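Participant: whatever this is, show me its structure:
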Amino acid sequence: MADRSRSSTSTDGGRPLRRDAALNRERILHAAREIFGRRGLGVTLDDVARHAGVGVGTVYRRFPTKEALVRALFAQDLEMRQEVAEKALAHPDPWQGFVDFVMEMTGDLAENRGLHEVIMLGSHSSGPIETARGGMLPFLEALIRRAQESGQLRAEVTPSDIPVIQHMLSAATQFTQGKQPEIWRRYIEIVLNGLRQRPDNPPLTTPSLSNETVEQVMGLVRPEPAAE
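Facilitator: Okay, the predicted model is just below:
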């Protein structure tokens, strides 16, 4: 995946960081994005420090736990993802906007192992991460509704279909064991051809998964509120 990391707001407890501290923070985030992307979330903060070329103490000062580092990275990813969704919703062609969004999301998940584990497998779940993941649903619903109203997307397609499709495409990338990591592009073309509305489309005979089932599989189920 192309490195699209951005400078996040460099603060510590609401106070702006010194320039050297802010640079170290961004260096750590950049290194974590690379190493998590290649190896997944099993890497340690010590691994991140070595990859960033900083001392372990520097990493722990900025991110005292791996969960804190994952949360900071995911906040960046969510911001980028929302910008992609907003751009897709503004596209004059509703179908192309939908395609652009699905392609961008699928590429990220297929090529970034750590992101795939956070979003699709519920790894390192926490209240803020679960809330952020769920925050993308309105964008997806709007993109699907817009494409369906234009008559270009099959009426049977539901928001819960998209994460399942993305998981399938990520599995295709993993199947090649690094020999052809962009093979997902071939299969997303096949999938998109099946999603597009045509007069001769046979109806889909199997219903989609419910949003609740997909959320359970992805680890998005929130705990029940405590009884008063």
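Participant: can you give me the strands for the protein?
Facilitator: Here the chain has its strands, by DSSP state E, at 11-12, 15-16.
Participant: quick check, pLDDT for residue 204.
Facilitator: With respect to pLDDT, residue 204 scores 90.
Participant: number of residues surrounding the closest residue to residue 142 other than its chain neighbours?
Facilitator: Once flanking residues are discounted, residue 142 sits nearest to residue 89: 5.9 Å by C-beta to C-beta, 6 or more residues apart in numbering. (Glycine included, C-beta is placed from N, CA and C.) Residue crowding around residue 89 was assessed by other C-beta atoms under 10 Å; the count is 15.
Participant: and for the one 5 residues further on?
Facilitator: A total of 21 residues lie near residue 94 under the criterion other C-beta under 10 Å.
Participant: again, but for residue 207
Facilitator: 8.
Participant: on that earlier part again, wait, doesn't the residue nearest to residue 142 sit right on residue 143?
Facilitator: Yes: with contact defined as C-beta atoms under 8 Å, residue 89 reaches residue 143; the gap is 6.3 Å.
Participant: overlap in contacts, these two.
Facilitator: Common neighbours of residue 89 and residue 143 (criterion: C-beta atoms under 8 Å, 6 or more residues apart in numbering): residue 97.
Participant: where in the protein is pLDDT low?
Facilitator: For the chain, applying pLDDT under 70 flags the ranges 1-18, 119-134, 218-228.
Participant: how's it carved up into domains?
Facilitator: The record's domain parsing of the chain by automatic domain parsing lists 17-64, 70-199+208-217.
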